[in-house]
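[1] Have a look; sequence and predicted model below, questions after that.
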Amino acid sequence: MGQKPFTQLFGSLLGLVLFLALTALAQNSSRPPANDREVDRVQAMVTQAKKEADQFSKSGGKADDANHPNLKWAATFWRYRLKHPGTPATKVATIQALSMLYRSNRISEMQAKADTLKLADPAWEQVINVLLYASSRTKDYSYLISKAEALTQSAADPKIKARARFNIGEAYWRKGDIDQARTAFQTVVAQYPNTDNAEEAEGNLREIEYLNVGQPAPQFDRPTLKGDPLSLAGLKGKVVVLKFWATY
Amino acid sequence: MGEVPLLKELYEKYKDQGVVVVGISLDQDVKQVQEVVTSKGMSWPQVSDADQSLCKLFNVKGTPTYYLSDKEGKIAAKNLPSFKKLSEALDVLLKRS
């Protein structure tokens, strides 16, 4: 007799585990997880909202019109947020609601709603950019800066902390406060090395130091598509328009 | 791309006053750029910035972006996001010199 019963027990356990795993797999392949399905549903709403906004502007409607479909959709997305807190789809809906209010120039309503978001809310990833666009429009950066300062301390994701610090730099730069802008960008580079935000901050630091009106334009030297040599130094005595462009 | 006819007009108008245009294309596909340059009749020189090194040098964040340098090779206007802004900056520069 010996140890056979133990092997048999092991064998049937293995069978049960395999059965459960295969059942789970089969369910997964036919039905995506509930969170993904909700994200798809909200994305479909976003597509519909964009379509309506396009039609509205094509027929001559202005962005800040009280009948703009964005306002109806902003309310819909915000209701969605309140009804389904804390899911990935909620993040999408929240970002949409606030972006649409910004585009409709309802800045104070947008800020009031943004103010109800906890600092750990993942939607801040985009909402912090919406606050920057809004403050560029109103030329009032105080709300953005205070909110972004709080996020650099308490946001859930280091990427959001980095973006918040970066946007503080952008805000001071747009305000004309170069020293504060430089400090913020330097902090991004030092605290979040090798990230997209750090790379962008380095670009802005270069622009602040070397790309001011009256400074020598950066030199470059490379052949044209036709194969002729071309350098900025060779164009001295000419007024030069550089146009960065793409066919796409 | 919609600004090409305006830039052509501006180029024709000012080229006798020592204004040159240099196109810097961000495309990966240089052949495609050449086709568009020909079909749109862009007569100014074009260089490729497929590796985005010039974008980095000038801190360019999107297209179109215009820079303007004066006859001494100094920056006269930077990071202009539209033809309208370029045209205004060029008017100011040419009146000054």
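    On my side now, so go ahead. Quick caveat: nothing in here was measured; it's all calculated off a predicted structure.
[2] what's around B:Lys84, how many residues?
    As a burial measure, B:Lys84 scores 11 neighbours (other CB atoms under 10 Å in any protein chain shown). (Each C-beta comes from the backbone N, C-alpha and C, glycine too.)
[3] cool, and A:Asp196?
    Applying other CB under 10 Å, we find 12 residues neighbouring A:Asp196.
[4] what packs against the helix or strand bottoming out on mean pLDDT in chain B?
    Lowest on mean pLDDT, DSSP states H and E among the helices and strands of chain B sits helix B:4-14, with a mean of 89. Packing partners of helix B:4-14 (3 or more CB pairs under 8 Å, 6 or more residues apart in numbering or on different chains; DSSP states H and E): strand A:239-245, strand B:19-25, helix B:83-96.
[5] could you say what helices and strands the second one packs with?
    Going back to what we said before, that points to strand B:19-25. The contact analysis (3+ CB pairs under 8 Å, 6+ apart) places strand B:19-25 against strand A:239-245, helix B:4-14, strand B:46-48.
[6] where does chain B dip in pLDDT?
    B:1, B:97 (pLDDT under 70).
[7] wait, isn't A:Ala150 in contact with A:Asp121?
    No - A:Ala150 is beyond contact range of A:Asp121, at 12.0 Å (criterion: CB atoms under 8 Å).
[8] B:Pro45 is in contact with A:Lys226, correct?
    Yes - with contact defined as CB under 8 Å, A:Lys226 counts as touching B:Pro45 (7.4 Å).
[9] So between these two, which is more surrounded?
    B:Pro45 (18 against 10).
[10] Now do the contacts for the more buried one.
    By CB atoms under 8 Å, 6 or more residues apart in numbering or on different chains, the contact set of B:Pro45 is A:224-226, A:228, A:230, B:20-23.
[11] re earlier: okay, A:Ala150 and A:Asp121: which has more neighbours?
    Between A:Ala150 and A:Asp121, counted using other CB under 10 Å, the more crowded position is A:Asp121 (21 against 12).
[12] if I look at that one, how far off is A:Lys113?
    According to CB to CB, to the nearest Å, A:Asp121 and A:Lys113 sit 12 Å apart.
[13] Same question for A:Trp73.
    According to CB to CB, A:Trp73 and A:Lys113 sit 14 Å apart.
[14] got any residues that touch both of these two?
    Jointly contacting A:Trp73 and A:Lys113 under the rule CB under 8 Å, 6+ apart are A:Ala97.
[15] neighbour count winner among those two?
    Just comparing A:Trp73 and A:Lys113: by other CB under 10 Å the higher neighbour count belongs to A:Trp73, 22 against 18.
[16] Name the nearest residue to the residue most central in space within chain A, ignoring sequence neighbours.
    Taking CA atoms, centre = their mean, the centroid of chain A lies closest to A:Gln126, which sits 3.7 Å from it. Closest residue to A:Gln126 apart from its sequence neighbours, by CB to CB, 6 or more residues apart in numbering or on different chains: A:Ile95 at 4.4 Å.
[17] A:Ala89 too?
    Once flanking residues are discounted, A:Ala89 sits nearest to A:Glu38: 3.8 Å by CB to CB, 6+ apart.
[18] Return the residues in contact with the one you found.
    Contacts of A:Glu38 (CB under 8 Å, 6+ apart): A:84, A:87-89.
[19] from those, which is closest to A:Asn197?
    Using CB to CB, A:Pro88 comes nearest to A:Asn197 of those, at 22.3 Å.
[20] wait, doesn't A:Ala201 sit right on A:Ala190?
    No - A:Ala201 lies out of contact with A:Ala190 (CB under 8 Å); the separation is 9.5 Å.
[21] what about these two, which has more around it?
    A:Ala201 (26 against 10).
[22] what's the spacing between that one and B:Val22?
    Taking CB to CB, one finds A:Ala201 at 28 Å from B:Val22.
[23] B:Lys74 now?
    Taking CB to CB, one finds B:Lys74 at 16 Å from B:Val22.
[24] Looking at these two, which one has more neighbours?
    For B:Lys74 and B:Val22, the more surrounded residue by other CB under 10 Å is B:Val22, and the numbers stand at 20 against 14.
[25] List the residues that contact that one.
    Counting by CB under 8 Å, 6+ apart, B:Val22 has contacts A:230, A:235, A:240-243, B:44-47.
[26] are any of those residues buried, and which?
    Neighbour-count burial (16 or more other CB atoms under 10 Å in any protein chain shown) is assigned, among the contacts of B:Val22, to A:230, A:235, A:240-243, B:44-47.
[27] With respect to A:Gln55, which of these is nearest?
    Proximity of the buried ones among the contacts of B:Val22 to A:Gln55 (CB to CB) peaks at A:Lys243, which lies at 33.1 Å.
[28] Deepest in the core, which of the helices and strands packed on helix B:4-14 is it.
    Greatest average neighbour count among the helices and strands packed on helix B:4-14 goes to strand A:239-245 (a mean of 23), per mean count of other CB atoms under 10 Å in any protein chain shown.
[29] partner strands of that one, parallel or antiparallel?
    Here strand A:239-245 is paired, per DSSP bridges, with strand B:19-25 (parallel), strand B:65-69 (antiparallel).
[30] Alright, I will stop here.
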